[in-house]
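Undergrad: mind looking at a prediction? Sequence and model below.
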Amino acid sequence: MKLIGLTGGIATGKSTVSNVFRDANVPIIDADVLARQVVEPGQPCLRAIAREFGDAVVDTHTGQLNRAQLGSIIFANPERRKALNAIVHPAVRWEMLKVALQYYLRAEPLVVLDVPLLFEGGLDRFVTKTMVVYCPKDVQLQRLMARDQLDEAASHQRIQSQMPLDEKCRRADIVVDNSGAKTATVQRVQGLICLLRPSLWSTYFWLLLPGLMINNSSRWSMPLIPTLAVIGRAFPRPAQFLVANALPVRSFSLLSRSAAVGASGSVTASPRLTLDTSFASLLLPQSNMTNPFSFPSAPLGQQVRFRSYGHEYQPSNLVRKRRHGYLARLRKKSGQRILANRRLKGRKNMSH
Ligand SMILES: CC(C)(COP(=O)(O)OP(=O)(O)OC[C@H]1O[C@@H](n2cnc3c(N)ncnc32)[C@H](O)[C@@H]1O)[C@@H](O)C(=O)NCCC(=O)NCCS
Ligand SMILES: Nc1ncnc2c1ncn2[C@@H]1O[C@H](COP(=O)(O)OP(=O)(O)OP(=O)(O)O)[C@@H](O)[C@H]1O
């Protein structure tokens, strides 16, 4: 499993980048989300915070942590911040480890660890690659002030509570420039995702490795971890990390025979692929509505020609798409590189 450590300065755009990963069906372990979970009412961390900072930081009516008040205390005082980190960080790390293990057992090839304090906490040692989201200081300040409704002094305090962004960029394996428009960042990250996705073989190799290390003489240890992975896949992903929409809707020309035809005219071959009927109708022979694979959009009794007949050169769209289509490109490393390059160049069409 490739673990990408995603970090950056406060409000430089980590969530914006992690959303691109999420849309590409890459699981995210979000430290900010976990840091909120471990201070829910009734959690030991919340009791420890109340002991350390006084009951005033807990809302008497709801029992929730008063985040604005605690924020104003810790961002103004490095000692108090250290005290809070000492309470919250061990619990967050434990949660991160548990979720990462679940993803490992599910044989997820690529997982993102979104941690604002990745370098400060020394967690960069445990990830395969570190990725820093960068934007210039004045842009960062403006975005932070606008998003959190903070004045300039308070925003400066928050920025200075973290390692300088330039230092993070120096330590990073990958720097994502988010100083321009969001769409440019999204395209850049989509290209990176194609390059970062490990091949099936390397995923399988890393799954096998612990089995080999446990006992390399036992023939049962080899398939142990992959078997666990298959079992793990049977369980749903941890609820908070469920992906809202797996893949962007796009046209695929490879129709499976089991494709289910929806009432709206869209054809779903699997939960991950949505087929555009306007495109697919060019490729499938549809004789009439009694055909179980016909489209609701085809008029009753109308014959739809699959191809024209003649003696001139008639390239098959189906064969072309099978050889050079999007799915064919995804299958090979070289194809993935082509897609990544086209994304980076901002091409409108990814493939044939
Ligand atoms: C102080 C708290 C209550 C303020 O809550 P608030 O809702 O205003 O901010 P939120 O949690 O959304 O964090 C916003 C950003 O602030 C920065 N930040 C948060 N905590 C810290 C910290 N201890 N040190 C430096 N920066 C921090 C991060 O960049 C984070 O993305 C909260 O941030 C907190 O509990 N922090 C301690 C836990 C922590 O370190 N979280 C960061 C990830 S582990
Ligand atoms: N390229 C961009 N152009 C304009 N606004 C942006 C861009 N990227 C992010 N923003 C805005 O900047 C703000 C901060 O972005 P985001 O929440 O993604 O940062 P973050 O690094 O996750 O913040 P935090 O450290 O607080 O978790 C948001 O209001 C977001 O809409």
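TA: Nice, I can see it. Residues are numbered from 1 along each chain as shown. Ligands and ions are numbered 1, 2, ... in the order given.
Undergrad: what does this protein have sitting close to ligand 2?
TA: Contact residues, the chain versus ligand 2 (CB under 6 Å from any ligand atom): 8, 10-16, 32, 116, 143, 147, 178, 181-182, 185. In short, each C-beta sits where N, CA and C put it, glycine included.
Undergrad: pull the most distant pair out of those.
TA: Asp32 and Ala181 (24.2 Å; CB to CB).
Undergrad: so which of the two has more stuff around it?
TA: Asp32 (13 against 9; other CB atoms under 10 Å).
Undergrad: assign a three-state SS to that one, would you?
TA: helix (DSSP: H, G, I helix; E, B strand; the rest coil).
Undergrad: how about the residue in the stretch 151-300 of the chain positioned nearest to ligand 1: what's its closest non-neighbour residue?
TA: Nearest to ligand 1 in the stretch 151-300 of the chain, going by CB to the nearest ligand atom, is Ser161, at a distance of 4.2 Å. The spatial neighbour of Ser161 that comes closest, neighbours along the chain excluded (CB to CB, 6 or more residues apart in numbering), is Phe75 at 5.3 Å.
Undergrad: name the residues of the lengthiest helix in the chain that are buried.
TA: Criterion DSSP state H: the longest helix present in the chain is helix 78-105. Residues 83-84, 87-89, 91-93, 95-96, 99-100, 102-105 are the ones in helix 78-105 that count as buried (16 or more other CB atoms under 10 Å).
Undergrad: what about the stretch 101-250 of the chain, any weak spots by pLDDT?
TA: For the stretch 101-250 of the chain, the stretches with pLDDT under 70 are 200, 202-250.
Undergrad: all the strands of this protein, in order from the start?
TA: 2-8, 28-30, 110-114, 129-134, 174-177, 260-261, 267-270, 273-275 (DSSP state E).
Undergrad: any idea which of these gets closest to Pro44?
TA: That would be strand 28-30 among the strands of the chain, by CB to CB, at 21.1 Å.
Undergrad: partners of the closest one in the sheet?
TA: strand 110-114 (parallel) (DSSP bridges).
Undergrad: could you dump the strand it pairs with to PDB, C-alpha only?
TA: Output of strand 110-114 as PDB, limited to C-alpha atoms (Å, rounded to 0.1, in the frame of the first residue of the first chain):
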ATOM      1  CA  LEU A 110      -3.100   4.000  -2.600                       C
ATOM      2  CA  VAL A 111      -4.100   5.900   0.500                       C
ATOM      3  CA  VAL A 112      -3.700   9.500   1.500                       C
ATOM      4  CA  LEU A 113      -2.800  10.600   5.000                       C
ATOM      5  CA  ASP A 114      -4.000  14.200   5.300                       C
END
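Undergrad: sorry, back to before: now render the strands of the chain as JSON lines, adding distance to Ala153.
TA: What follows is the strands of the chain, written out as JSON lines (distance: least, CB to CB, whole Å):
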{"stretch": "strand 2-8", "distance to Ala153": "22"}
{"stretch": "strand 28-30", "distance to Ala153": "28"}
{"stretch": "strand 110-114", "distance to Ala153": "28"}
{"stretch": "strand 129-134", "distance to Ala153": "24"}
{"stretch": "strand 174-177", "distance to Ala153": "27"}
{"stretch": "strand 260-261", "distance to Ala153": "58"}
{"stretch": "strand 267-270", "distance to Ala153": "53"}
{"stretch": "strand 273-275", "distance to Ala153": "49"}
